[in-house]
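Asks: The following block contains a protein sequence and its predicted model.
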Amino acid sequence: MAAIDKRDIERVWLSIARLTQQLQVQFQDLTAALEANFKRLEESLTKIIEASAQTRQTIPRETHLTRFPPISVEAPPSFSDINDVPKRALVDADRHVQADVSGCVSVSDVQKVSTHRYLPPTSLSAGGTATIWAPSAGKAIRCKRIQVSVDAATRIDLRWGTDAFESYFLPANGSIIVNLIGTNQQGPVDTPLTILSSAAATVTASADGDEV
């Protein structure tokens, strides 16, 4: 076994000591950098919290409505309520329009149950007609929905009395549902809602709406 030179041992220990010293220096530098970063982060968070507190103090806790001095302006003839009563509008100095819509739509109007009428299956010859809804005396029909079904291909005319206002070409065993909500499709007073079939067919229909 070869003898170990004492100088070699000293060189190894010296290398270990230098390496240890270098690691200590690097660790101290890393610790200092982390402390500096944490300090900057703490300062940033403190500024954010202070700014948030100042913002909360400046936000008003109550909302106040500003009323503009109104200028009365006559509404056009097309602006009316559900009873065809002309309404008025207000225009302020900044041209904001304030419309008086009282009587136009109410909760009772939305919740109101429509009147329903039903025409059971009826055999019609070519050009034959049937009445879906005959209003009470002095009343007009305002339709919201109409449904028609046929067993044969035909053209269906929806009519106020004898005047057609809608026509549909339906195939055999065809159906159609017409949504009239919002259109105010209204017939003349004392005028029934009728149906005409251009071809021989069995027809059934129903309608929802109001008598006004």
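Replies: Happy to help now that I have it.

Asks: Going by residue numbers, what spans are helices in the protein?
Replies: 6-58, 107-111 (DSSP state H).

Asks: Now do the contacts for Trp133.
Replies: Arg117, Ile141, Pro192, Leu193, Ala207, Gly209 (CB atoms under 8 Å, 6 or more residues apart in numbering). Yep, even glycine has a C-beta here, placed from its N, CA and C like the rest.

Asks: Quick check: the farthest pair among those residues?
Replies: Pro192 and Gly209 (12.6 Å; CB to CB).

Asks: more neighbours, these two?
Replies: Taking other CB atoms under 10 Å, Pro192 and Gly209 do not tie; Gly209 has more neighbours (24 against 16).

Asks: Among the helices of the chain, show the one with the smallest mean pLDDT.
Replies: Ranked by mean pLDDT, those end with helix 107-111 at the bottom, a mean of 55.

Asks: follow-up on the earlier one: same list (the contacts of Trp133) but as CSV, adding distance to Ala152 and pLDDT.
Replies: Supplementary listing: the contacts of Trp133 in CSV, determined by distance: CB to CB, whole Å; pLDDT from 0 to 100:
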residue, distance to Ala152, pLDDT
Arg117, 23, 93
Ile141, 27, 94
Pro192, 24, 96
Leu193, 22, 96
Ala207, 21, 94
Gly209, 27, 90
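
Asks: Mind putting the residues you listed into JSON lines with distance to Asp163?
Replies: As requested, these are exported to JSON lines (distance: CB to CB, whole Å):
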{"residue": "Arg117", "distance to Asp163": "19"}
{"residue": "Ile141", "distance to Asp163": "13"}
{"residue": "Pro192", "distance to Asp163": "11"}
{"residue": "Leu193", "distance to Asp163": "11"}
{"residue": "Ala207", "distance to Asp163": "16"}
{"residue": "Gly209", "distance to Asp163": "17"}
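
Asks: circling back: tell me the most buried of the helices of the chain?
Replies: Across those, averaging neighbours per residue (mean count of other CB atoms under 10 Å) puts helix 6-58 on top, at a mean of 10.
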